[in-house]
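Student: give me a 3D structure for the following:
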Amino acid sequence: MSSFIATACAQALSHVAPGALQRSDLNRQINLPIAQWLVQDERSDIPWKVAFGKPVLTFRLIDLLTITAEVNADALQRQGMEHDLHFIVKIAHEKGSWDEGESYSHFLTEQGLNGKLRMRAGVYLKPGAYTVATILYDAASERRNLSFYHIQVKGPHSGQVPELLSEVPEISFLGSPENTGPLGPMRVPLPVETQRAILFDLIVDLSTREESGDRLELTPPNSDAGRSSLPTTLPNPLPTPNSERLPMPPTPSRERQRTGNSAEQTSEQSRLQEIAKTLAKMDFQPGCTRVTALDVLRLGTLLPPTPAGDVDWQQLGKENSVADKVMVSVDTLGGRKEAGKFFQEQIGRTIAQPPQCNLNSSNPLHVIAILSRGIHFPSGSKKPRIEPGCNCKLFYFYESDQDIGGVDDLGKMLEPLSPRLLEFGNAETFRERVFEFAEAVKGIQ
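Tutor: Purely as a prediction, here's the structure:
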């Protein structure tokens with residue numbers, strides 16, 4: 001399932017009662033004494049149910065907490081009265097005051113409302129303990145609800161890179177206009193302090209697999225790293241202004257029915273791009289980062305070598321989700337027997353032309369990271385070896401999947417360069433691999 005969780009209004013809805021109109025306000029316009037309410041006791045003037053999901057780790061390296069509030073329409077009814085509902089979520093860290101941000105939803109309801117009204121909010125949280133306040137205010141009747149909830153978000157083992165998540169805000173609400181990057185605010189980096197200047201090349205392979213009925217081949221069989229237990233989105237999320245999607249609670253991956261159709265391929269591509277965005281945030285200090293996106297099976301360059309800060313991820317996603325690019329037919333793949341040679345040439349060019357940036361260093365280290373779901377080249381394809389001799393350090397971020405069998409030909413081509421394999425199949429393992437990668441680069445003298 002897709003893990004792209006862009007930034008949209010946090011009030012994703014389901015089962016909206018007839019007669020309820022959701023406003024698209026991204027920011028609260030009504031002036032309310034929130035600060036005064038937060039020092040008061042809990043209250044429930046309007047019967048409701050508030051549910052908190054378990055914090056879910058995302059490929060953004062931080063957890064997403066979802067909050068759902070449900071109001072029975074019958075509890076709102078007063079003869080001859082419409083309702084003007086405002087749903088607000090505030091959060092405070094255990095060692096701090098209430099965060100200035102908030103999640104906000106606005107609903108106008110007509111007379112004769114029936115059924116249930118559900119409101120959902122989402123917030124990214126770094127490891128720590130938090131207090132969550134949920135508020136529902138009806139401006140028409142001046143009735144309001146206030147409840148508090150305490151939650152603990154478990155942290156990662158940071159190893160020797162404590163600074164990696166230092167720039168990521170502790171609390172980042174979905175819906176904030178500036179919250180458009182893969183780790184909350186758009187330009188939040190993942191700093192890594194290194195002993196040498198780093199020239200970092202990230203090469204992302206966005207190839208789609210073969211459409212072959214009952215056979216989906218990419219990943220080596222019996223791969224434990226592919227056992228993902230974290231489907232990360234609602235199966236049929238309702239549209240919001242920027243296609244926001246909120247995670248579902250963990251479900252064993254073996255229950256999934258893999259079809260390999262275009263919808264599934266699109267979701268997998270979106271997840272891979274989400275992972276790529278996170279890796280592109282690696283900020284080696286001193287250093288610079290360049291991103292290249294390839295479709296190896298189509299012999300195409302989707303994104304030429306580009307400074308990480310200049311990558312238009314939204315445009316890249318649009319270009320790579322066009323229907324005829326999502327699935328590759330068997331016949332089409334049959335004509336792509338030069339894919340191995342294409343990949344060899346691309347790696348050769350990257351090795352020969354490291355990123356250009358002024359580091360004021362006479363001995364920079366060239367680090368190349370390749371991100372891929374693996375490739376099973378068409379039958380009869382040439383698979384030329386990539387000759388060793390690279391004056392660089394190579395890492396292979398390999399997203400494996402237990403539901404797909406076969407040989408990863410791309411990985412085999414890289415073997416002469418002795419890459420460090422960083423295999424992962426879910427968000428938890430990915431976070432471990434990112435820390436492992438950062439530690440490895442940080443320790444190079």
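Student: what residue spans form the domains of this protein?
Tutor: 20-160+168-173, 190-442 (automatic domain parsing).
Student: and the last one, end to end?
Tutor: What that stands for is domain 190-442. In domain 190-442, first residue to last residue: 13 Å (Cα to Cα, to the nearest Å).
Student: compute the number of surrounding residues for residue 392.
Tutor: Residue 392: 15 surrounding residues under other Cβ atoms under 10 Å. The way it works is simple: take the backbone N, C-alpha and C, and place the C-beta from them, glycine included.
Student: look up how far residue 430 lies from it.
Tutor: Going from residue 392 to residue 430 by Cβ to Cβ, to the nearest Å gives 23 Å.
Student: what do you get for residue 104?
Tutor: 31 Å.
Student: and the domains of the chain as JSON lines, adding mean pLDDT?
Tutor: JSON lines is the format used below for those (pLDDT from 0 to 100):
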{"stretch": "domain 20-160+168-173", "mean pLDDT": "86"}
{"stretch": "domain 190-442", "mean pLDDT": "75"}
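Student: so where's the longest strand in the protein?
Tutor: As assigned by DSSP state E, the longest strand anywhere in the chain is strand 190-205.
Student: give me the sheet partners of that one and which way each runs.
Tutor: Under the criterion DSSP bridges, strand 190-205 sits next to strand 282-295 (parallel), strand 365-372 (parallel) in its sheet.
Student: could I get those as a markdown table with mean neighbour count and distance to residue 130?
Tutor: Shown next, in a markdown table, are the strands paired with strand 190-205 (neighbours: other Cβ atoms under 10 Å; distance: least, Cβ to Cβ, whole Å):
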| stretch | mean neighbour count | distance to residue 130 |
| --- | --- | --- |
| strand 282-295 | 22 | 26 |
| strand 365-372 | 23 | 32 |
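Student: and these as a markdown table, adding distance to residue 34?
Tutor: As requested, the strands paired with strand 190-205 are exported to a markdown table (distance: least, Cβ to Cβ, whole Å):
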| stretch | distance to residue 34 |
| --- | --- |
| strand 282-295 | 35 |
| strand 365-372 | 43 |
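Student: go through those and name the closest to residue 149.
Tutor: Among those, strand 282-295 comes nearest to residue 149, with 34.1 Å by Cβ to Cβ.
Student: dump that closest one to PDB, keeping only the CA atoms.
Tutor: Extracted in PDB, the C-alpha atoms of strand 282-295 (Å, rounded to 0.1, in the frame of the first residue of the first chain):
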ATOM      1  CA  MET A 282      20.600  13.300   4.400                       C
ATOM      2  CA  ASP A 283      22.700  16.400   5.000                       C
ATOM      3  CA  PHE A 284      26.300  15.400   5.400                       C
ATOM      4  CA  GLN A 285      28.300  18.200   7.000                       C
ATOM      5  CA  PRO A 286      30.300  19.200   5.200                       C
ATOM      6  CA  GLY A 287      28.800  17.800   2.000                       C
ATOM      7  CA  CYS A 288      26.300  18.100  -0.800                       C
ATOM      8  CA  THR A 289      23.700  15.800  -2.200                       C
ATOM      9  CA  ARG A 290      22.500  15.000  -5.800                       C
ATOM     10  CA  VAL A 291      19.500  12.900  -6.900                       C
ATOM     11  CA  THR A 292      19.100  10.900 -10.100                       C
ATOM     12  CA  ALA A 293      15.900   8.900 -10.900                       C
ATOM     13  CA  LEU A 294      15.900   6.100 -13.500                       C
ATOM     14  CA  ASP A 295      13.500   3.700 -15.100                       C
END
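Student: hang on, the earlier thing: now the longest strand of the chain: buried residues?
Tutor: Residues 190-192, 194, 196-205 are the ones in strand 190-205 that count as buried (16 or more other Cβ atoms under 10 Å).
Student: how about stretch 429-445?
Tutor: Residues of stretch 429-445 classed as buried by neighbour count (16+ other Cβ under 10 Å): 429-431, 433-435, 437-438, 440-442.
Student: closest one of those residues to residue 270?
Tutor: For those, the residue nearest residue 270 by Cβ to Cβ is residue 430; the value is 15.1 Å.
Student: the closest one in helix, strand or coil?
Tutor: helix (DSSP: H, G, I helix; E, B strand; the rest coil).
Student: how close does it get to residue 122?
Tutor: Relative to residue 122, residue 430 is positioned 20 Å away (Cβ to Cβ).
Student: same check, this time on residue 348
Tutor: Between residue 348 and residue 122 the distance is 43 Å, computed by Cβ to Cβ.
Student: list the residues that contact the nearest residue to residue 293 once chain neighbours are set aside.
Tutor: Leaving aside its sequence neighbours, residue 293 sits nearest to residue 303 (Cβ to Cβ, 6 or more residues apart in numbering; 3.7 Å). Each residue near residue 303 by Cβ atoms under 8 Å, 6 or more residues apart in numbering is listed here: 204, 291-293, 311, 316.
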